[in-house]
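> Have a look at this prediction, sequence included:
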Amino acid sequence: QVQLVESGGGSVQSGGSLRLSCVASRFTYCMAWFRQAPGKEREFVSSIHSDLVPTYADSVKGRFAIDRENAKNTMYLEMNSLKPEDTAMYYCAADDDSCSGTPDYWGQGTQVTVSS
């Protein structure tokens, strides 16, 4: 089992920035961010392997940056140029084997609200 704890969510105006963090109880190969807006399905945001190779959804490419510190079992998501459509609950996820498919472990989520 892996426990994941997110932090860093909040409310910002359009164009603003936020930095999310996720601390895992142990090392995992893949760490990822997903988000879910009210009335919408959960969607992939970004993922990063233990070798620091990142992947981004097209909707956030160029605005968000993912990073991780393997020694601290911690992942970050730097979110810039935020838009109202980025408003969602952001979930940290992790998997021991792959960044493809649905991760095995999930955090409780941190709310991000972007006002216009």
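Looks like it arrived, so ask away.

> what lines up beside the helix or strand residue 34 falls within in the sheet?
Taking DSSP states H and E as the criterion, residue 34 maps to strand 30-36. When sheet partners are counted by DSSP bridges, strand 30-36 sits next to strand 43-49 (antiparallel), strand 88-95 (antiparallel).

> Send me that strand as CSV with only the CA atoms.
Extracted as CSV, the C-alpha positions of strand 30-36 are listed here (Å, rounded to 0.1, in the frame of the first residue of the first chain):
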residue,chain,number,x,y,z
CYS,A,30,5.2,6.3,-11.5
MET,A,31,3.6,9.4,-9.9
ALA,A,32,0.9,11.3,-11.7
TRP,A,33,-1.7,14.0,-11.3
PHE,A,34,-5.3,13.7,-12.4
ARG,A,35,-8.2,16.2,-12.0
GLN,A,36,-11.9,16.1,-11.9
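
> And it, what's buried?
30, 31, 32, 33, 34, 35 (16 or more other C-beta atoms under 10 Å). Heads up, the C-betas are built off the backbone N, CA and C, glycines and all.
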